[in-house]
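S.K.: with the sequence up front, the predicted model follows.
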Amino acid sequence: MAPIIKVIIPAYNEQDSITNVINDIPKIVDEVIVISNNSTDNTEINAKNAGATVLKEHRKGYGYACLKGMEYISNQKIKPEILVFLDGDYSDYPEQLTEIVAPIIHNNIDFVIGSRVKKLRENGSMTPQQIFGNWLATFLMKLFFGAKFTDLGPFRAIKYNTLLALNMEDKTYGWTVEMQLKALKQKLSYVEIPVKYRNRIGVSKVSGTVKGSIFAGIKILGWIFKYSFK
């Protein structure tokens with residue numbers, strides 16, 4: 001019997017990309033949940049027209065949006081076996097979702113990250129600060145925890161019950177690294193799958209601004225050092 005798979009997509013003003021993202025998600029997914037994180041454009045209308053469940057989270061922050069999606073699922077009678085997180089800017093290739101969930105379905109892996117490897121990245125799709133930040137974060141996780149992560153990629157899949165056990169709490173930029181650190185602490189099985197990555201539609205709300213890059217960097221390093229000395 002095929003597992004129940006749900007997708008959570010945090011989205012802030014992604015009216016030009018969200019339809020493409022939803023339409024490219026494979027049909028093995030049972031429900032696509034778009035969380036509008038204070039969008040002021042047609043993101044919500046376009047997502048709904050594309051067949052997604054649309055939720056609203058007025059508190060700004062990637063983590064807030066993800067937690068809103070999890071809260072919605074927690075109130076459903078039938079829970080998924082697998083939860084996939086995906087960005088709404090069309091930088092990822094949603095059709096690769098089948099590759100992302102395959103290790104969970106076939107090999108009972110707990111956690112899978114889509115790794116944005118250089119040879120599969122479109123030129124300019126990641127800023128220099130993103131590339132450096134990913135390198136630094138994964139280097140520190142290797143140094144402190146012996147981790148084999150190479151990326152903090154947002155395109156990821158995890159067993160639903162496993163995610164609940166992580167007790168996720170970050171409300172903003174630290175969501176992805178928090179998940180990886182807690183996975184290491186709880187000794188979850190994990191793998192990375194190389195994924196393609198292209199230039200996003202629109203301007204990034206994090207890496208596209210100096211302020212966003214600085215705050216994201218501080219948050220990510222804060223989580224790493226917090227767990228390093230626990």
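M.R.: Ah, there it is.

S.K.: C-alpha only now, for contacts and for neighbours.
M.R.: Noted.

S.K.: confidence-wise, which helix or strand of the protein is lowest on average?
M.R.: Among the helices and strands of the chain, helix 210-228 carries the lowest confidence by mean pLDDT, DSSP states H and E, at a mean of 70.

S.K.: now do the phi/psi pair for the most centrally placed residue in the chain.
M.R.: Central residue of the chain (C-alpha atoms, centre = their mean): Pro154, 3.1 Å from the mean position. Dihedral angles of Pro154 (phi, psi; degrees, to the nearest 10) stand at phi -70, psi -20.

S.K.: pull the contacting residues for it.
M.R.: Phe85, Leu86, Asp87, Ile113, Gly114, Thr176 (C-alpha atoms under 8 Å, 6 or more residues apart in numbering).

S.K.: hey, where'd the helices end up in this protein?
M.R.: For the chain, the helices defined by DSSP state H cover 18-23, 43-49, 62-74, 97-107, 128-145, 160-166, 175-185, 210-228.

S.K.: of all the ones you listed, which lies closest to Arg200?
M.R.: Proximity to Arg200 (C-alpha to C-alpha) singles out helix 18-23 among the helices of the chain, at 11.1 Å.

S.K.: for the closest one, name the packing helices and strands.
M.R.: Under the contact criterion of 3 or more C-alpha pairs under 8 Å, 6 or more residues apart in numbering; DSSP states H and E, helix 18-23 touches helix 43-49.

S.K.: report all helices and strands that the helix it packs on contacts.
M.R.: On a contact count with 3+ C-alpha pairs under 8 Å, 6+ apart, helix 43-49 meets helix 18-23, strand 31-36, strand 53-56.

S.K.: and of these, who's closest to Asp170?
M.R.: strand 31-36 (16.2 Å).

S.K.: what separation do you get for Lys79 and Ile4?
M.R.: 8 Å (C-alpha to C-alpha, to the nearest Å).

S.K.: overlap of the contact sets of the two?
M.R.: By C-alpha under 8 Å, 6+ apart, no residue touches both Lys79 and Ile4.
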